[in-house]
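Student: Task: produce atomic coordinates for the following.
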Amino acid sequence: MSKIDLDLSRNEDHYKLLIHRVQHRLDQIKLGGGQKKLDKIREEGRLTARERIEYLADKDRPVFEVGAFAGFEMYEEHGGCPAGGVIVSIAYVKGRQCIIVANDATVKAGAWFPITGKKNLRAQEIAMENRLPIIYLVDSAGVFLPMQDEIFPDKEHFGRIFRNNARLSSMGIPQIAAIMGSCVAGGAYLPIMSDEALIVDQSGSIFLAGPYLVKAAIGEDADKETLGGAKTQSEISGICDYKSKNDKDCLDTIKDLVDKFGKFEQAGFDRIAPAAPKEAEEDLLQYIPESSSRPYKTVEILKRLVDDSKLTYYKEGYGKTIICAYARIDGWAVGIVANNREVVKTAKGEMQFGGVIYSDSADKAARFIMNCNQKRVPLVFLHDVTGFMVGTRSEHGGIIKDGAKMVNAVANSTVPKFSVIMGNSYGAGNYAMCGKAYDPRLIVAWPNARIAVMGGEQAAQVLMQIQISTLKSKGEELGKEDEKRLFDAIKNRYDQQTSPFYAAARLWVDAIIDPRETRRFLSMGIEAANNAPIEKFNVGVFQV
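Tutor: This next block holds a predicted model:
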């Protein structure tokens with residue numbers, strides 16, 4: 001076996017271990033609040049949150065879960081919050097793409113942590129941007145009171161969800177809510193601000209104040225069913241539109257309702273019959289190096305992602321540290337902006353580092369992004385970027401100006417943008433390559449992804465030098481061993497904060513995916529985006 005073959009095999013083995021780690025953690029997350037709580041729900045004749053989504057979704061179509069790692073290793077002092085206590089999926093119901101939001105009652109009775117609110121807002125954002133119907137499967141005890149100050153009053157907190165209910169309705173985006181368990185206090189507004197509401201008999205209940213609070217507030221004795229059960233809210237108050245016998249009856253009714261939806265005007269993105277890549281998708285893992293600092297041929301990865309492995313390169317010989325190309329993914333026409341990780345030579349004979357954005361690369365990418373907007377071609381950004389080039393030569397060449405040009409084009413782009421972080425995503429390079437702050441319709445990470453201002457090694461060096469200088473100013477000195485301990489401590493902390501799990505826990509990315517699932521993810525995303533007509537592209541003022 002040649003050295004190249006050994007390297008490819010080693011890369012694949014390393015990456016399969018990373019994927020196994022992701023899957024193992026997902027398996028734990030899917031247990032929610034634990035096996036005992038899941039079993040208790042089933043003993044009551046009810047479905048769990050994940051079982052409800054599985055029953056509702058079309059069996060022969062893919063499902064993309066958003067935010068499965070939300071809350072990962074957060075709130076441990078409160079017992080944790082697996083998946084943020086709410087399951088969010090883009091799925092097909094009766095052939096129609098929908099957002100499904102299901103509270104997980106096994107996690108603190110479905111209570112809302114800060115990350116729960118953020119995840120619900122993300123689900124509504126996806127629905128708004130892509131004009132996707134949204135289905136809420138409500139089973140929640142309301143705000144997690146020990147953290148109420150972090151979930152209740154601010155603009156991006158709990159109340160924003162009801163504001164979005166109203167906005168979705170005004171946009172003509174259907175919302176269906178099923179009360180399948182508890183629905184109390186302010187949370188009661190979510191289903192009733194939806195277009196239609198269902199309630200499950202003997203398990204669903206909805207009221208502004210539960211029996212204990214009613215007793216404390218006005219001295220009245222009332223049981224849960226009388227106060228806000230299915231009979232009360234569907235036959236007396238008329239709040240709910242449909243009363244269901246059980247979970248499956250409720251979900252069957254939702255299927256019937258979705259089956260009658262009309263169609264929206266579409267954006268009109270071009271699609272032809274899909275074609276598999278000529279280069280085997282299974283070999284993709286071989287081309288992602290074990291070390292994030294090693295150069296590699298990005299084009300080999302692209303050939304395993306696009307239809308027929310065919311790419312039409314834009315300015316192929318110019319700005320070589322960014323690849324811009326037209327291609328198709330599962331039949332959809334796309335414009336690809338990818339960081340080239342090869343060390344390249346310019347026409348002037350100068351060497352450029354792979355993964356770094358130079359002035360010529362930024363200029364090329366900005367022009368390509370504008371062209372894709374002009375032609376209504378969705379954009380796919382593939383990150384493995386360490387940032388913009390620094391130093392005297394770059395500053396004199398106007399790197400800030402050219403970088404700003406690219407950021408401007410990304411910020412003002414109106415065609416849907418999708419981001420895949422396939423390696424490093426550092427500093428302003430993250431912004432230029434359409435990081436979370438630049439409104440990608442969906443953003444995912446591969447298991448080796450790193451997101452930060454800079455790499456752990458560089459950050460540790462900078463922070464250590466600052467601390468050493470501070471100590472010296474006080475007349476203190478550090479020995480070599482102390483310096484190494486300090487460096488290692490800083491680097492370990494920084495590495496933890498740059499991991500894909502850390503990012504996914506905070507919803508900086510929507511998911512961590514197996515690279516071999518990238519085509520399916522992008523195809524689902526573009527199909528969703530095609531439901532929403534796009535606005536005219538207007539680029540802002542920038543220095544040319």
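Student: if I pick residue 168, what's in contact with it?
Tutor: Contacts for residue 168 were tallied using CB atoms under 8 Å, 6 or more residues apart in numbering; they are 124, 127, 128, 134, 175. For every residue, glycine as well, the C-beta is placed using N, CA and C.
Student: Likewise for residue 399?
Tutor: 358, 359, 362, 388, 389, 390.
Student: among those residues, which are in strands?
Tutor: residue 388 (DSSP state E).
Student: and the contacts of residue 399, which are buried?
Tutor: For the contacts of residue 399, a burial check counting by 16 or more other CB atoms under 10 Å picks out 358, 359, 362, 388, 389.
Student: circling back to that earlier point, of the contacts of residue 399, which is the nearest to residue 438?
Tutor: Using CB to CB, residue 362 comes nearest to residue 438 of those, at 14.7 Å.
Student: Flag the shaky bits of the stretch 351-500 of the chain, pLDDT-wise.
Tutor: Within the stretch 351-500 of the chain, the stretches with pLDDT under 70 are 396.
Student: before we move on, back to that, now the contacts of residue 168 in JSON lines, please, with extra columns for pLDDT.
Tutor: Below are the contacts of residue 168 laid out as JSON lines (pLDDT from 0 to 100):
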{"residue": "124", "pLDDT": "98"}
{"residue": "127", "pLDDT": "98"}
{"residue": "128", "pLDDT": "97"}
{"residue": "134", "pLDDT": "98"}
{"residue": "175", "pLDDT": "98"}
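Student: Need those in JSON lines (columns: distance to residue 346).
Tutor: Below are the contacts of residue 168 laid out as JSON lines (distance: CB to CB, whole Å):
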{"residue": "124", "distance to residue 346": "46"}
{"residue": "127", "distance to residue 346": "45"}
{"residue": "128", "distance to residue 346": "43"}
{"residue": "134", "distance to residue 346": "49"}
{"residue": "175", "distance to residue 346": "53"}
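Student: quick revisit: in the contacts of residue 399, find the pair that's most separated.
Tutor: Spanning the widest gap among the contacts of residue 399 are 362 and 390, at 13.4 Å by CB to CB.
Student: Go ahead and build a ChimeraX selection from the buried members of the contacts of residue 168.
Tutor: Written as a ChimeraX command, the selection of buried residues from the contacts of residue 168, which uses 16+ other CB under 10 Å, is:
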select :124,127,128,134,175
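Student: Report how many residues lie close to residue 14.
Tutor: Residues lying near residue 14 (other CB atoms under 10 Å) number 15.
Student: cool, and the one 5 residues further on?
Tutor: Around residue 19 there are 19 other residues, counting by other CB under 10 Å.
Student: ok, now which ones touch it?
Tutor: By CB under 8 Å, 6+ apart, the contact set of residue 19 is 447, 514.
Student: Can you tell me how far it is from residue 37?
Tutor: Distance, residue 19 to residue 37, by CB to CB, to the nearest Å: 28 Å.
Student: Over to residue 226?
Tutor: 27 Å.
Student: These two - which one has more neighbours?
Tutor: A count of neighbours by other CB under 10 Å puts residue 37 above the other of residue 226 and residue 37, at 16 against 12.
Student: Tell me the confidence at that one?
Tutor: We have a pLDDT of 96 for residue 37.
Student: helix or strand right after the strand or helix carrying it?
Tutor: In this assignment (DSSP states H and E), residue 37 forms part of helix 35-43. Counting by DSSP H and E, the next helix or strand C-terminal to helix 35-43 is helix 49-56.
Student: quick one: contacts of that next one?
Tutor: 30, 32, 47, 63, 86-87, 89, 91, 93, 100, 102-106, 135, 137, 139, 180, 247-248, 251, 254-255.
Student: so what's residue 165 closest to, chain neighbours aside?
Tutor: The shortest distance from residue 165 to any non-neighbouring residue, by CB to CB, 6 or more residues apart in numbering, is to residue 193 (3.8 Å).
Student: That neighbour and residue 148: what is the separation?
Tutor: Residue 193 is 21 Å from residue 148, by CB to CB.
Student: With neighbour numbers in mind, choose between those two.
Tutor: Taking neighbours as other CB under 10 Å, residue 193 and residue 148 compare with residue 193 leading, 18 against 15.
Student: what about stretch 60-70, how long is it end to end?
Tutor: 27 Å (CA to CA, to the nearest Å).
Student: So which bits of it are buried?
Tutor: 64, 65, 66, 67, 68, 69, 70.
Student: Which of the residues in stretch 37-44 are classified as buried?
Tutor: So, applying 16+ other CB under 10 Å, buried residues of stretch 37-44: 37, 38, 41.
Student: Then stretch 231-240?
Tutor: Per 16+ other CB under 10 Å, stretch 231-240 contains these buried residues: 232, 233, 234, 239, 240.
Student: Select from the residues you listed every entry located in helices.
Tutor: Of the buried residues of stretch 231-240, none are assigned to helices by DSSP state H.
Student: Take those residues and lay them out in a markdown table including distance to residue 55 and pLDDT.
Tutor: A markdown table is the format used below for the buried residues of stretch 231-240 (distance: CB to CB, whole Å; pLDDT from 0 to 100):
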| residue | distance to residue 55 | pLDDT |
| --- | --- | --- |
| 232 | 26 | 92 |
| 233 | 23 | 92 |
| 234 | 22 | 91 |
| 239 | 25 | 92 |
| 240 | 20 | 95 |
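Student: Compute the mean per-residue pLDDT across the longest helix along the chain, please.
Tutor: When the chain is parsed with DSSP H, its longest helix is helix 3-29. For helix 3-29, the per-residue pLDDT values average out at 92.
Student: Run the chain-centre distance for it.
Tutor: 22 Å (CA atoms, centre = their mean, to the nearest Å).
Student: Give me the contact list for the helix holding residue 37.
Tutor: 31, 32, 47, 48, 105, 106.
Student: Can you report how many residues lie near the second one?
Tutor: The burial count assigned to residue 32 is 23, neighbours taken as other CB under 10 Å.
Student: so how far is residue 38 from it?
Tutor: For residue 32, the distance to residue 38 equals 7 Å [CB to CB].
Student: got any residues that touch both of these two?
Tutor: 48, 106.
Student: where's the residue located most distally from the centre of the chain, which helix or strand?
Tutor: Most distant from the centre of the chain: residue 475, at 48.1 Å, with distances by CA atoms, centre = their mean. Counting by DSSP H and E, there is no helix or strand that carries residue 475.
Student: beta partners for residue 444?
Tutor: residue 420, residue 511 (DSSP bridges).
Student: gap between it and residue 521?
Tutor: Distance of residue 444 to residue 521, given as CB to CB: 6 Å.
Student: Between those two, which has more neighbouring residues?
Tutor: Comparing residue 444 with residue 521 by other CB under 10 Å, the one with more neighbours is residue 444, at 26 against 21.
Student: show me what contacts the more buried one?
Tutor: In this structure, residue 444 makes contact with 419, 420, 421, 509, 510, 511, 512, 513, 518, 521, judged by CB under 8 Å, 6+ apart.
Student: Out of those residues, the closest to residue 211 would be?
Tutor: Set against residue 211, the nearest of those by CB to CB is residue 510 (38.9 Å).
Student: Now do that closest one, the pLDDT please.
Tutor: So, for residue 510, pLDDT stands at 98.
Student: again with residue 295
Tutor: At residue 295, pLDDT is 90.
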